[in-house]
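A.B. asks: Okay, here's the prediction I keep looking at, along with the sequence it came from:
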Amino acid sequence: PGEGPDVGDTRALIVMRGGEIVAERYGDGFSPESRFLSWSIARTVTGLIAGMMVSDGLLALDDPAPVSAWRQTGDPRAAITLRQLLQMSSGLQHREDWQPGASSDTLAMLTGEGAADQAAFAAAKPLVQSPGETFAPSAGSSMILAGIMTDRLTGSSDPAARRAAMARFLAARFAGPLGLRDFVPEYDASGTLQGAMMMHMTARDYATVGEFIRQRGHVNGRQLIADPWFDFMTAPSPANPAFGGHLWLNRGGDPSMLFPGQASPGVMAAVGERGQFILVSPEQKLVIVRLGITREEDMDALREAMARLVRRFS
């Protein structure tokens, strides 16, 4: 960890093999007690929470997504399914652009006109592609999912009640059973979990999430998510084979956020902006967490370095 000419500033690096930490290092000013912002790693957490609710029978993968704004007769958005939201192929307009001065729906949703009710802002966007046909990374899809899941937990529109309902669910079904003592998610002003990118955890917590994925939802002898969910989550999606159900896969695709051809296609990952990774390689019993700050122009070098690290454990 530390400054490097190619891969940026690595603030935390953890390697787990067979469920045990075999390497752990921190940059200056960071430690095992430091909490790190998830960025888009949160989307994979949202996908896991959705898996819990589908396992519980609260939601169904191929039913029309229960969004009240889409229920008017003739609204083409009524055909969008939970599966398509999870595979980032809803067809809804969402410009995910982080460049200064860009017209970005993500920035407008997080910090601008949509900030007060982010799920509603995203759900109000028009359909610009047929559902299921086109892959488009979308913080909006993750927020719509977070809104749907909160609605399943409470019928209240009161922000405090909505926050409390989701917090109870996360404590009972996610953070508690996994032992995530430093898991701190954020909520928007409407009380909806900020499931697109605003969660905080220690590096060890992120590694625990990776191990949870590697173990296909098993923790301490308990199965928290039905096993078939991981068949869905880790399967190449029709619109982009490099993406599954809110999880990146090490396969060729457009875009591909990992390193196809440089390591096993069985590698999968939660990926966040600026170089956040939870890499999971089930066949190698391997979980690697890298947290830090990397510029876009250095991202290829970081991905190559991560691929080399994965190959060391072949």
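C.D. replies: It's in.
A.B. asks: what's the distance between the closest residue to residue 175 other than its chain neighbours and residue 132?
C.D. replies: Among residues not flanking residue 175 along the chain, residue 183 sits closest, at 4.3 Å (C-beta to C-beta, 6 or more residues apart in numbering). Yep, even glycine has a C-beta here, placed from its N, CA and C like the rest. Between residue 183 and residue 132 the computed distance is 33 Å (C-beta to C-beta, to the nearest Å).
A.B. asks: which one of those two has more residues nearby?
C.D. replies: Using other C-beta atoms under 10 Å, the more surrounded residue of residue 183 and residue 132 is residue 183, with 23 against 18.
A.B. asks: sorry, back to before: the residue nearest to residue 175 reaches residue 204, doesn't it?
C.D. replies: No. Between residue 183 and residue 204 there is no contact under C-beta atoms under 8 Å: 11.0 Å.
A.B. asks: any idea how far the residue lying farthest from the centre of the chain is from residue 132?
C.D. replies: Ranked by distance from the centre of the chain (C-alpha atoms, centre = their mean), the top residue is residue 73, with 32.2 Å. Using C-beta to C-beta, we find residue 73 at a distance of 22 Å from residue 132.
A.B. asks: How about residue 271?
C.D. replies: Separation of residue 271 from residue 132 (C-beta to C-beta): 22 Å.
A.B. asks: Who's the closest spatial neighbour of residue 58, skipping the chain neighbours?
C.D. replies: Residue 58's closest residue in space is residue 152 (C-beta to C-beta, 6+ apart), at 4.7 Å.
A.B. asks: quick revisit: quick one: residues contacting the residue farthest from the centre of the chain.
C.D. replies: Under the criterion of C-beta atoms under 8 Å, 6 or more residues apart in numbering, the contact list for residue 73 is empty.
A.B. asks: Is it in a helix, a strand, or coil?
C.D. replies: The three-state assignment at residue 73 reads coil, by DSSP: H, G, I helix; E, B strand; the rest coil.
A.B. asks: What's the per-residue pLDDT of it here?
C.D. replies: pLDDT recorded at residue 73 is 94.
A.B. asks: Residue 100 now?
C.D. replies: Looking at residue 100, its pLDDT reads 56.
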